[in-house]
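Student: I need the structure of the sequence given here:
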Amino acid sequence: MSSRNDRASLHSRSLVKGDSLQNVMRISIPVALQSMLQSSFSMVDQIMVGQLGEKSVAAVEIAGKPGFIYAFVIGAISTITGIMISQYIGNHNRVAEERSICINFLVMILTGVLFFSVFNLFRNQFTGLFSTDVQVITKGSRYLGIISWTFIPLGICNILGTALRCRDKSTWPLYIGIFSALLNTVLNYCLIFGNFGAPELGVAGVDESISLLTLGRMDIRSTV
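Tutor: Predicted structure coming up:
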């Protein structure tokens, strides 16, 4: 009798482990794929901008430094938000969950406003720290001036994506990411080189495509 109970206990534990592994994979794989897609944005930009000359590449690389710092900061905020939301979901505390989302949403907006204010107002001084070439500074300042407008929407996208993943909807941000990656490639091809009747904007075309994509992703995630 005891051996039968032991076998039943082992079987139940194996089922629990199997379910846990399946849940982890269902969440982790879309998150990992989404991170890869996020990295593809920079890769596609660098490949296309590289055809415009070394000064354009240098300008984009310099002006992109604040974006990397900002991505690190909002990634940390999103991680903290995910931990808090998961705890409240586990405790079935809907009020605390919504309060946590609102508070971190506000923190993310304030962070975006801070980065926007600093790097939009002092973009010439910032690019001048890394280069003395007038063309690089001019192109980099223009790029940074436009890209800084995406800081706040990008932070909002991260918070909304975190909330969706905590609610076991991790595939939704992935689908949005796939759509964004494809659209980013098409917009870059059109706006950088002036293809399909679009204006030829050069380096500024990267800014415009990223701005449009970020606003579109924010709108989709808020609708979801």
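Student: Packing partners of the helix or strand harbouring Y88?
Tutor: Assigning secondary structure by DSSP states H and E places Y88 in helix 65-90. Contact here means 3 or more C-beta pairs under 8 Å, 6 or more residues apart in numbering; DSSP states H and E; on that basis helix 65-90 packs against helix 94-121, helix 151-166. Any C-beta I mention is one placed from the backbone N, CA and C, and that applies to glycine too.
Student: residues contacting Y88?
Tutor: R94, A96, E97, S100 (C-beta atoms under 8 Å, 6 or more residues apart in numbering).
Student: ok, which pair from those is furthest apart?
Tutor: Farthest-apart pair in those is R94 and S100; separation 10.7 Å (C-beta to C-beta).
Student: So those two - more neighbours on which side?
Tutor: A count of neighbours by other C-beta atoms under 10 Å puts S100 above the other of R94 and S100, at 22 against 10.
Student: ok, how many other residues are close to the residue lying closest to that one once chain neighbours are set aside?
Tutor: Closest residue to S100 apart from its sequence neighbours, by C-beta to C-beta, 6 or more residues apart in numbering: M84 at 4.4 Å. Applying other C-beta under 10 Å, we find 19 residues neighbouring M84.
Student: Quick check: M84 vs L160, distance?
Tutor: M84 sits 15 Å away from L160, going by C-beta to C-beta, to the nearest Å.
Student: quick one: low-confidence parts of the chain?
Tutor: Along the chain, segments meeting pLDDT under 70 span 1-21, 23-24, 26-27, 31, 34-35, 37-46, 198-224.
Student: again, 80 this time
Tutor: Residue ranges of the chain with pLDDT under 80: 1-53, 56-57, 167-224.
Student: Look up how far E98 lies from the residue nearest to S100.
Tutor: Going from M84 to E98 by C-beta to C-beta gives 11 Å.
Student: same check, this time on T111
Tutor: For T111, the distance to E98 - C-beta to C-beta - is 20 Å.
Student: same question, S131
Tutor: Applying C-beta to C-beta to S131 and E98 gives a distance of 46 Å.
Student: The two: which has the busier surroundings?
Tutor: Counted by other C-beta under 10 Å, S131 and E98 do not tie: S131 has more neighbours, with 17 against 13.
Student: Settle this for me: the more buried one is touching V60, isn't it.
Tutor: No. Between S131 and V60 no contact is recorded; they are 12.0 Å apart, counting by C-beta atoms under 8 Å.
Student: Give me the common contacts of these two.
Tutor: Common neighbours of S131 and V60 (C-beta under 8 Å, 6+ apart) are G140.
Student: and of the helices and strands packed on helix 65-90, who's closest to G64?
Tutor: Nearest to G64, of the helices and strands packed on helix 65-90 and by C-beta to C-beta, is helix 94-121 at 11.0 Å.
Student: quick one: buried residues of the closest one?
Tutor: Within helix 94-121, the residues scored as buried using 16 or more other C-beta atoms under 10 Å are 97, 100-101, 104-105, 107-108, 111-112, 115-116, 119-120.
Student: The contacts of Y88 into JSON lines, with extra columns for distance to L154?
Tutor: Shown next, in JSON lines, are the contacts of Y88 (distance: C-beta to C-beta, whole Å):
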{"residue": "R94", "distance to L154": "27"}
{"residue": "A96", "distance to L154": "26"}
{"residue": "E97", "distance to L154": "23"}
{"residue": "S100", "distance to L154": "20"}
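Student: Cheers, nothing more for now.
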